[in-house]
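Chemist: need coordinates for the following:
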Amino acid sequence: MEALASLGSPPPLLVLVAAFFAGTVRGYTGFGSAMIFMPVAGAYLGPKAAIGIMSIIDAVMQLGMIRSTWRHARWGEIGPLFIGYVVGLPIGVWLLMSIDPTPVRWVTSLSIVLVLTLLLTVGRIEASPGLPATLATGTASGVISGLASLGGMVLSLFWLAGPSHNEGVRGSSVAFFVPASVLSMSLLALAGIFTSDVFRIAAWTIVPYGVGIGLGSILFEKASPRLFRPVAFGVIAMAALTSLPALDKLLR
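Modeler: Numbers count the residues shown, from 1 in each chain. From the prediction side, this is the model:
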């Protein structure tokens, strides 16, 4: 009780609930935590605080997922994706600190809905994308990650659209965001995102987030493999729609 008291007042209950469901999605699919957490936390706490909290709790808890997912990662794609990400992330962080993110959120969310619709209509591409497409995807993910912590949607669509199996999608997501978290947290720290209040709320949310990751990992092991892609597509669709700025007032 004394430890909880030292953390001050908790964040709104919906933020804690969002952290739990975000962790569950992350544990099951390997991606998607920011898709669930950011719209809710951003509406209550502001986008800058939300992105700081998300980066802290995910950087800590994803370490527990590495051992079971590392061997399934598609390393030939992760390298070029990360190069593009390194280029795009500073641009996204600069935009976060410099402009109103609302127009970019509209474009990002609607673009993801469009790509998801095309993917569901056309189906998977059996051949792996070429180097230019891979670099461009990484760059777009970096920009969107820095601006709205939603770059995981870009990468998840990239892997789901290609020949990756379920374990490959999940393993690649986890493997990619280990070094990506180090880079993004360094830039966010330089931008002054990590305030004492951000660390305080992160301490409140890391427990439900970690419990959710554990539950999601169990579900991945126990559930039918045929459920993985429908669930992943559903997560992306829900995240894209709930990220629309028009819904901010409804989430408060």
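Chemist: give the contact list for the nearest residue to Gly42 once chain neighbours are set aside.
Modeler: Computed as Cβ to Cβ, 6 or more residues apart in numbering, the closest residue to Gly42 that is not its neighbour in sequence is Ala50, at 4.2 Å. (C-beta placed from N, C-alpha, C; glycine too.) Contacts were defined as Cβ atoms under 8 Å, 6 or more residues apart in numbering; by that measure Ala50 touches 37-38, 41-42, 149.
Chemist: what's the closest of the residues you listed to Tyr209?
Modeler: For the contacts of Ala50, the residue nearest Tyr209 by Cβ to Cβ is Phe37; the value is 8.0 Å.
Chemist: distance of the residue nearest to Gly42 from Ala202?
Modeler: 11 Å (Cβ to Cβ, to the nearest Å).
Chemist: repeat for Leu131
Modeler: Distance from Leu131 to Ala202, by Cβ to Cβ: 37 Å.
Chemist: what about those two, which has more around it?
Modeler: Taking neighbours as other Cβ atoms under 10 Å, Leu131 and Ala202 compare with Ala202 leading, 24 against 11.
Chemist: run the chain-centre distance for the strand or helix carrying that one.
Modeler: Here Ala202 sits within helix 196-222, counting by DSSP states H and E. Distance of helix 196-222 from the chain centroid (Cα atoms, centre = their mean, to the nearest Å) equals 13 Å.
Chemist: so which bits of the helix or strand that it is followed by are buried?
Modeler: Note on helix 196-222: by DSSP H and E, the next helix or strand toward the C-terminus is helix 228-242. Of the residues in helix 228-242, those buried by neighbour count under the rule 16 or more other Cβ atoms under 10 Å are 228, 231-233, 235-237, 239-240, 242.
Chemist: and those residues as a markdown table, adding pLDDT and distance to Leu13?
Modeler: Output for these, formatted as a markdown table (pLDDT from 0 to 100; distance: Cβ to Cβ, whole Å):
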| residue | pLDDT | distance to Leu13 |
| --- | --- | --- |
| Phe228 | 87 | 30 |
| Val231 | 86 | 25 |
| Ala232 | 83 | 27 |
| Phe233 | 82 | 29 |
| Val235 | 79 | 22 |
| Ile236 | 77 | 26 |
| Ala237 | 80 | 25 |
| Ala239 | 71 | 21 |
| Ala240 | 71 | 25 |
| Thr242 | 69 | 17 |
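Chemist: TSV for those, including distance to Phe82?
Modeler: As requested, these are exported to TSV (distance: Cβ to Cβ, whole Å):
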residue	distance to Phe82
Phe228	24
Val231	26
Ala232	21
Phe233	25
Val235	23
Ile236	21
Ala237	26
Ala239	22
Ala240	24
Thr242	28
